[in-house]
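Trainee: Below: sequence and its predicted model.
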Amino acid sequence: MAILPITVYGDKILRQKTKPVNSVSDELIVKIKNMLDTMHNAKGVGLAANQVGFNQSLFVVDLKGVEGYEKFKPMIFINPEIVLQSDEKVVIEEGCLSLPNLRADVERSKNIKIRYLNTDEQLIELEADEFLARVILHEYDHLIGKLIPDRVSEEIKSQLKDELKLIKKRKVEIDYPITQL
Ligand code: ZN
């Protein structure tokens, strides 16, 4: 078990588009386990590889701690592709382990379809709605270098400005390890 430091706003890797995974090697399985440990330790529901310094197209999700999802088993999405997004949108308040303590209302599609590889390298197509769709879209955004501030109105973005500056300087109180300047 390894808890990795989480990259935060200002870290360049969060702004880079991730590279596809070539094969699910033993080394990658170890990385995935460490990502799950890191996410659970930080009480997050999703974590993308570039949030722990790996420039690879994969993320993990675990909604077990969320009301109504108690039986949820951790999911691993490798080389994901969003193939459908509903026109119907919903606004939900989001947080992000790379934006400690920041919360913002974000509008996203209500229903989605995603195609990805699991750890057995099987191609899976999954339809998701509600909170799972929300988390998947948020994590997918990480893989293309997008963060919450890119998904809100200019008005909300300007309200977040001071908070983002503090995060960049690591002037935040959190109880999980983050990268240092
Ligand atoms: Zn995030």
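Mentor: That came through fine. Numbering: from 1, shown residues only.
Trainee: need the helices for the protein, in chain order.
Mentor: Applying DSSP state H to the chain gives helices spanning 26-41, 130-143, 154-168.
Trainee: So for this structure, which residue is the most central one in space?
Mentor: Centroid-nearest residue in the chain, with CA atoms, centre = their mean: Glu139, separated by 3.1 Å.
Trainee: can you count the residues close to the closest residue to it other than its chain neighbours?
Mentor: Setting aside the residues directly before and after it, Glu139 is nearest to Phe59 in space (CB to CB, 6 or more residues apart in numbering), at 3.9 Å. The way it works is simple: take the backbone N, C-alpha and C, and place the C-beta from them, glycine included. Neighbour count for Phe59, taken as other CB atoms under 10 Å: 29.
Trainee: Contact partners for Phe59?
Mentor: 46-49, 76-77, 80, 139-140, 142-143 (CB atoms under 8 Å, 6 or more residues apart in numbering).
Trainee: any idea how far Ala104 is from Asn111?
Mentor: 22 Å (CB to CB, to the nearest Å).
Trainee: which residue lies farthest from the center of the chain?
Mentor: Taking CA atoms, centre = their mean, the residue of the chain most remote from its mean C-alpha position is Glu155, at 23.7 Å.
Trainee: Same question for the strand ranked longest in the chain: list its buried residues.
Mentor: Ranked by residue count under DSSP state E, the longest strand found in the chain is strand 75-85. For strand 75-85, the neighbour count (16 or more other CB atoms under 10 Å) marks 75-80, 82, 85 as buried.
Trainee: Quickly check the residues you listed for the two that are furthest apart.
Mentor: Spanning the widest gap among these are Ile76 and Gln85, at 21.3 Å by CB to CB.
Trainee: what's the angle from the longest strand of the chain to helix 26-41?
Mentor: 80 degrees (axes from the mean of the first three to the mean of the last three CA atoms, to 10 degrees).
Trainee: From Phe131, how far out is the residue nearest to Leu63 when sequence neighbours are not counted?
Mentor: Ranked by CB to CB, 6+ apart and with sequence neighbours excluded, the top spatial neighbour of Leu63 is Tyr69, at 3.8 Å. Using CB to CB, Tyr69 is found at 7 Å from Phe131.
Trainee: Touching both of those two, which residues are there?
Mentor: Leu63.
Trainee: Not including adjacent chain positions, what is the nearest residue to Asn41?
Mentor: According to CB to CB, 6+ apart, the nearest residue to Asn41 is Ile3 (4.9 Å).
Trainee: Fine, thanks again, bye for now.
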